[in-house]
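[1] What would the 3D arrangement of this be:
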Amino acid sequence: MKLVIRVKLLPTPQQASALQATMRACNEAANHASRHAFTTGIKRNRELRALIYLQIKHRWNLGAQAAQHVIKKTCDAYASLAGNLKAGNLGHPGSKRHTRATGKAITFRPDAAQPYDDRILSWRPKQRTVPIWTVQGRVKDLPYTGQEDQLQLLAQRRQGESDLLHQNGRWYVLATIDLPEPPQNPAPQGFIGVDLGIENIATTSTGRRHSGRHANRTRENDRRLQRDLAKKNTRSAKRRAKRHAGKQARRTRDINHKISKHIVAEAQRTGRGIALEDLSGIRERARLKKPQRVTINSWAFGQLGSFIAYKARRAGVPAVHVTPAYTSQECSQCHHIDKRNRPHQAVFACRSCGFVEHADLNASHVIGQRGWWVWVCGAESQVPVLKLVA
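    Have a look, this model is predicted:
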């Protein structure tokens, strides 16, 4: 099982300047490689490297490994674009999104992440330092920090390349670790259904509701503050907006971690699995009014689902995804489906058998029952690679 750990670097001003110059040079070189690939149509790593490797290496004063990683990063970006086009994620040919994506070369931001391998970035877990290559020479004894348990995993299980990342004025290194998977529970005693929503972020079939009232209120206050600061457009307003940038995303990530940890711990303690709705593409399928679109697009439901899935996998808890169709309209007792079964947002009243329950709790029961049938049919959960934030 592969996970990504993010550790924070603590450079001096001189070291930070060298890292900044390196990121700028690597991404300028990547933009040059991207324009060359777009113009010539050569987007495979080996062929593109044969054409522009020496030019990139000498023009931007890059080391041999750094130049190769720049070209590989460019080719990987075009491969990812081709995959999204093939999957239809950027619309059909001729649409505005499709034309915008294919009509120009891919560009890289000046602070876009740059991959490193063990030849140009090494780890010293005992000293908590990383010697790293830069365009100004090798920077030695660059300290890093993070959560103790994650740093221990990093020292024992690190594999493959690492990525240098500059975000909000801070420097990070993203490293991949490979963890052995515990044996999965082969005979779960039922499934805990998890219904995701706005008023209640997550409702489980065991009766636990994780309210989103406080989070929604805080999110609305943040949006109001951003609007007010944008209207002022003064230096102090810009400084304050910069300080608040990313605050809501960090708060959301923290809440999602806590909710997923509680759900997985409960499933592990009771010997049950976890059933989640497959909400991929829900934003494209749902027809909502403008205020509702702002609300539903504000919460990271996909992030919460991935947190639950990967934590369940680490704990050996089975996790399956079920179709979300009519989960809010189906009765968990007689399975009668009717739009009128839900007269209000929080009330479920079956028109067939008269069963009455909180709407989110009833939906979680339906999801749990569907999860059991998916498990019986032999479905497996698909767990993405996830970033652990130190």
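[2] My reading is that residue 4 lies in a strand. Confirm?
    Yes. The assignment for residue 4 by DSSP: H, G, I helix; E, B strand; the rest coil puts it in a strand.
[3] for it, which residues make a bridge with it?
    residue 176, residue 387 (DSSP bridges).
[4] And it, how close does it get to residue 357?
    40 Å (Cβ to Cβ, to the nearest Å). Heads up, the C-betas are built off the backbone N, CA and C, glycines and all.
[5] which intervals of this structure have sub-threshold pLDDT?
    280-299, 379-390 (pLDDT under 70).
[6] Just give me the residue closest to the centre of it.
    residue 303 (5.7 Å; Cα atoms, centre = their mean).
[7] How about that residue: what's its closest non-neighbour residue?
    Nearest non-adjacent residue to residue 303, counting by Cβ to Cβ, 6 or more residues apart in numbering: residue 256, 5.4 Å away.
[8] Does that neighbour touch residue 304 like I think?
    Yes. The pair formed by residue 256 and residue 304 meets the contact definition of Cβ atoms under 8 Å, at 4.3 Å.
[9] This structure: strands as residue ranges?
    Under the criterion DSSP state E, the chain contains strands at 2-9, 114-116, 129-132, 139-145, 158-167, 170-178, 191-196, 200-204, 209-211, 273-277, 319-322, 347-349, 356-358, 387-389.
[10] now for the third one, which elements pack on it?
    Looking back up the chat, that one is strand 129-132. Using 3 or more Cβ pairs under 8 Å, 6 or more residues apart in numbering; DSSP states H and E as the contact test, the elements touching strand 129-132 are strand 139-145.
[11] So which residues make contact with the strand it packs on?
    Residues from elsewhere that reach strand 139-145 (Cβ atoms under 8 Å, 6 or more residues apart in numbering): 7-11, 15, 18-19, 127-133, 173, 390.
[12] mind redoing it with 10 Å?
    With contact meaning Cβ atoms under 10 Å, 6 or more residues apart in numbering, strand 139-145 is reached by 7-12, 14-16, 18-19, 22, 121, 123-125, 127-134, 151, 154, 171-173, 175, 390.
[13] Of those, grab the buried ones for ChimeraX.
    Buried members of these, defined by 16 or more other Cβ atoms under 10 Å, are picked up in ChimeraX with:
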select :7,9,11,15,16,18,19,22,121,123,128,129,130,132,133,134,151,154,171,172,173,175,390
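[14] packing partners for the longest helix along the chain?
    Counting residues, the longest helix found in the chain (DSSP state H) is helix 13-40. When contacts are defined as 3 or more Cβ pairs under 10 Å, 6 or more residues apart in numbering; DSSP states H and E, helix 13-40 packs onto strand 2-9, helix 45-59, helix 64-87, strand 114-116, strand 129-132, strand 139-145, strand 158-167, strand 170-178.
[15] these two touch, right, residue 226 and residue 245?
    Yes. At 9.1 Å, residue 226 counts as touching residue 245 under the criterion of Cβ atoms under 10 Å.
[16] Which one's more surrounded, those two?
    Using other Cβ atoms under 10 Å, the more surrounded residue of residue 226 and residue 245 is residue 226, with 14 against 11.
[17] where's residue 209 relative to residue 370, distance?
    For residue 209, the distance to residue 370 - Cβ to Cβ - is 20 Å.
[18] One more: residue 19?
    Taking Cβ to Cβ, one finds residue 19 at 49 Å from residue 370.
[19] Same question for residue 9.
    45 Å.
[20] that older thread, can you pull the residues that touch both of residue 256 and residue 304?
    In contact with both residue 256 and residue 304: 201, 202, 210, using Cβ under 10 Å, 6+ apart.
[21] who wins for neighbours among these?
    residue 202 (26 neighbours).
[22] Quick check, that residue in contact with residue 195.
    Yes. Counting by Cβ under 10 Å, residue 202 does reach residue 195; the two are 7.1 Å apart.
[23] which residues are common contacts for those two?
    Contacts common to residue 202 and residue 195, judged by Cβ under 10 Å, 6+ apart, are 209, 276, 360, 364.
[24] Most widely separated two among these?
    Pairwise distances across the shared contacts of residue 202 and residue 195 peak at 16.3 Å for 209 and 276 (criterion: Cβ to Cβ).
[25] quick one: contacts for residue 362?
    Residues near residue 362 by Cβ under 10 Å, 6+ apart: 193, 195, 203, 205, 327-333, 341-342, 347-350, 355-356.
[26] For these, which ChimeraX command selects only the ones that are buried?
    The buried residues among those can be selected in ChimeraX (16+ other Cβ under 10 Å) with this line:
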select :193,195,203,205,327,328,329,330,331,332,341,342,348,349,350,355
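[27] Stretch 36-47: how far from the chain's middle?
    29 Å (Cα atoms, centre = their mean, to the nearest Å).
[28] Correction: the previous question concerned stretch 38-53.
    30 Å.
[29] measure it end to end?
    Stretch 38-53 has an end-to-end distance of 16 Å (criterion: Cα to Cα, to the nearest Å).
[30] Buried residues of it, list them for me.
    For stretch 38-53, burial by neighbour count (16+ other Cβ under 10 Å) applies to 38, 42, 43, 45, 48, 49, 52, 53.
[31] Next one: the last one from residue 108, what distance?
    Distance of residue 53 to residue 108, computed by Cβ to Cβ: 18 Å.
[32] what's near enough to touch the residue lying closest to residue 125 once chain neighbours are set aside?
    Distances taken as Cβ to Cβ, 6+ apart place residue 155 nearest to residue 125, at 3.7 Å, with adjacent residues excluded. Counting by Cβ under 10 Å, 6+ apart, residue 155 touches 123, 124, 125, 126, 128, 177.
[33] Name all residues that make contact with the third one.
    Remark: with contacts taken as Cβ under 10 Å, 6+ apart, residue 125 is in contact with 144, 151, 152, 154, 155, 156, 158.
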